[in-house]
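Participant: Provided below are the primary sequence and the corresponding predicted coordinates.
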Amino acid sequence: MKKLHYVTRPVLLVLALFLLGAASFAQSEPVTVTWWTEDYIDLDQITATLIEPFQAAHPDIQLVITPQPELNTTLRTALAAGEAPDILQTPGASFIAEFLNSGLILSLSNAADTYGWEDKLLPWAYQSGIVDGELYSIPLTYESMILLYNKTVFEENGWEPPTNLAEFEAIAEAAVAAGINPLSYGNVGWQPTNEHLVGIYLNNYAGPENVYQALIGEKSWTDPEFAEAIQLLKTHIADNGWFSGSLETYFSFAWEDMFSEFSNGGSAMMMIGSWGFRGATEFFAETDYDWDWAPLPVFSDMAGEYNYELATGSTLSVNGETDHPEAVLTVLDWLMSDPARVLEIASGYGYGEFMIPLYFTAEDFPASADERIVRFFSDFAAVTGEGRVGYTTWTFWPAAPNVQLWEAIENVWYDELSIDDYLAEQQALWEEARNNGEVLPIPAR
């Protein structure tokens, strides 16, 4: 006969306690939050300054940051397949707008009220993430366009940073005569680099006030001042070949190429965003040359005094299909809650990346910070505080007009599309975006 095995009451109690403990252990397993970022990020540095401090403060959340090549393309594909990370990093507020109609982006408005994000972020930066009255993104970086210049080359030739079109063109012509390129730049690896230049010439020739009037629909992009701005850019980049020697070279230069030429004295200047501090810091350290920066020159009286274009760089949004939104929101709030911590993270990239737009002062920067970079952020705060601001295309243009802006300009440069037709198409896309409610918030002047 088979023997029956009886379980005594004490054994049952032990078993029950074991199962309860196992259940509690399972419940205490950390929630994993995934975040894909650009592949130039130093993962060791991000781990030391961001991931480890966050997890020390929040042991119940495991933050996994993964660099991805071609992040924007990879993210778009992953979103369509339902395989995107919890935190969505895009190149700017206008990029996230294209995903909104699909319902793939979580509104952050309630979280912003709960955590007080509007009080933590600079007002214009906070507003840049609002679409149809709802907050959908927060800036990971704020930036502006500047003029980097090879200080050694300038001193050797007795040049001063140009402040207007006449001075700019005089230096460019002198550089050509000296056998060096006036400017270095290229769009390999990121075709939207084209829009950096289009935006610079719109703001610094047509002027921020006219750009603002077009953004809010009070002027047309086909107006003469915008056509003249595009013509000036075409003259400089295509007709004169002032960017890296020729239009063909511009289309063949990647980040490494343009900074190598610039830092070795092969070019005199570079019109680039403040993320260029990262490249200048890295590449000039390997040469005998020195660098500095200045505000971009104004190209006409319409532009008035020099200004800084307002820009958010990469933005962070929340995947609408995340399984743990509260954990994701905890990560975002932690990132915005300590200016000193933000500066420590950003210091690894010359303060050109991970510069969340909080209320920084010069005193917030560590003593080791490069004086040139601190000078930029201090001047940016002072000048924009006076209302002298311009507008970057990747922050304030809707998705369709933004893409047309940087794609079709290449046809203009090659004389395959007239400036009038280029701007007419730009205006038509703006009218369509306005009718569809796709226009992004424009901070009042």
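Facilitator: Okay, I see it. Residues are numbered from 1 along each chain as shown.

Participant: how about the strands in the chain?
Facilitator: Assigned strands in the chain, in chain order: 31-38, 61-68, 87-90, 130-131, 134-135, 138-139, 142-143, 145-150, 181-183, 267-273, 291-294, 308-312, 315-318, 389-391 (criterion: DSSP state E).

Participant: so which of those comes closest to E363?
Facilitator: With C-beta to C-beta as the measure, strand 142-143 is the member of these nearest E363 (18.7 Å). C-beta: built from backbone N, CA, C; applies to glycine.

Participant: check contacts around R445.
Facilitator: Counting by C-beta atoms under 8 Å, 6 or more residues apart in numbering, R445 touches P208, E209, Y212, G387, V389.

Participant: and these, which are buried?
Facilitator: Buried members of those, scored by 16 or more other C-beta atoms under 10 Å, are P208, Y212, V389.

Participant: quick check: beta-bridge partners of the last one?
Facilitator: Bridge pairing for V389 (DSSP bridges) gives the partners Y308.

Participant: show me what contacts it?
Facilitator: Contacts of V389 (C-beta under 8 Å, 6+ apart): W124, P208, N307, Y308, E309, L310, V383, P443, R445.

Participant: also the first one?
Facilitator: Listed by C-beta under 8 Å, 6+ apart, the contact partners of P208 are A303, G304, N307, R388, V389, G390, Y391, R445.

Participant: gap between E344 and T141?
Facilitator: E344 is 15 Å from T141, where distance means C-beta to C-beta, to the nearest Å.

Participant: mind checking which of the two has more residues around it?
Facilitator: T141 (24 against 17; other C-beta atoms under 10 Å).

Participant: ok, and the closest non-adjacent residue to that one?
Facilitator: G313 (3.2 Å; C-beta to C-beta, 6 or more residues apart in numbering).

Participant: count the residues that sit near the one you found.
Facilitator: Residues within reach of G313, counting by other C-beta under 10 Å, total 24.

Participant: closest to N402 out of the contacts of P208?
Facilitator: Nearest member of the contacts of P208 to N402, counting by C-beta to C-beta, is Y391, at 11.8 Å.

Participant: L108: how many residues sit nearby?
Facilitator: 24.

Participant: no, scratch that, I was asking about A362
Facilitator: Neighbour tally, A362, other C-beta under 10 Å: 12.

Participant: residue ranges with poor pLDDT in the stretch 101-250 of the chain?
Facilitator: Residue ranges of the stretch 101-250 of the chain with pLDDT under 70: 101.

Participant: rerun that using 80 as the cut-off
Facilitator: 101-103 (pLDDT under 80).

Participant: now the helices for it?
Facilitator: Ranges of helices within the stretch 101-250 of the chain are 109-115, 117-120, 123-127, 151-157, 165-177, 193-201, 208-215, 224-234, 247-250, based on DSSP state H, counting those that start in this stretch.

Participant: as a markdown table, those helices with distance to M269 would be great.
Facilitator: As requested, the helices of the stretch 101-250 of the chain are exported to a markdown table (distance: least, C-beta to C-beta, whole Å):
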| stretch | distance to M269 |
| --- | --- |
| helix 109-115 | 40 |
| helix 117-120 | 36 |
| helix 123-127 | 28 |
| helix 151-157 | 9 |
| helix 165-177 | 7 |
| helix 193-201 | 12 |
| helix 208-215 | 22 |
| helix 224-234 | 15 |
| helix 247-250 | 14 |
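
Participant: and these, which is most packed in?
Facilitator: helix 193-201 (a mean of 22; mean count of other C-beta atoms under 10 Å).

Participant: okay, domains of this structure per the record?
Facilitator: 31-141+311-367, 143-310+390-435 (automatic domain parsing).

Participant: turn those into CSV, including distance to I373.
Facilitator: Formatted as CSV, these follow (distance: least, C-beta to C-beta, whole Å):
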stretch, distance to I373
domain 31-141+311-367, 5
domain 143-310+390-435, 5
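
Participant: which one of the helices of the stretch 101-250 of the chain lies nearest to G352?
Facilitator: Nearest to G352, of all the helices of the stretch 101-250 of the chain, is helix 193-201, at 13.8 Å by C-beta to C-beta.

Participant: what angle sits between that closest one and strand 267-273?
Facilitator: Interaxial angle, helix 193-201 versus strand 267-273 (axes from the mean of the first three to the mean of the last three C-alpha atoms, to 10 degrees): 90 degrees.

Participant: packing partners of helix 193-201?
Facilitator: With contacts taken as 3 or more C-beta pairs under 8 Å, 6 or more residues apart in numbering; DSSP states H and E, helix 193-201 sits against strand 145-150, helix 224-234, strand 267-273, helix 393-396, helix 399-413.

Participant: E286 is nearest to which of those?
Facilitator: When the helices and strands packed on helix 193-201 are compared by C-beta to C-beta, strand 145-150 sits nearest E286, at 13.9 Å.

Participant: for the residue nearest the centre of the chain, what are its contacts?
Facilitator: Nearest residue to the geometric centre of the chain (C-alpha atoms, centre = their mean): G313, 1.4 Å. The contact partners of G313, taken as C-beta under 8 Å, 6+ apart, are P91, G92, P139, L140, T141, Y142, E143, G273, W275, E353, M355.
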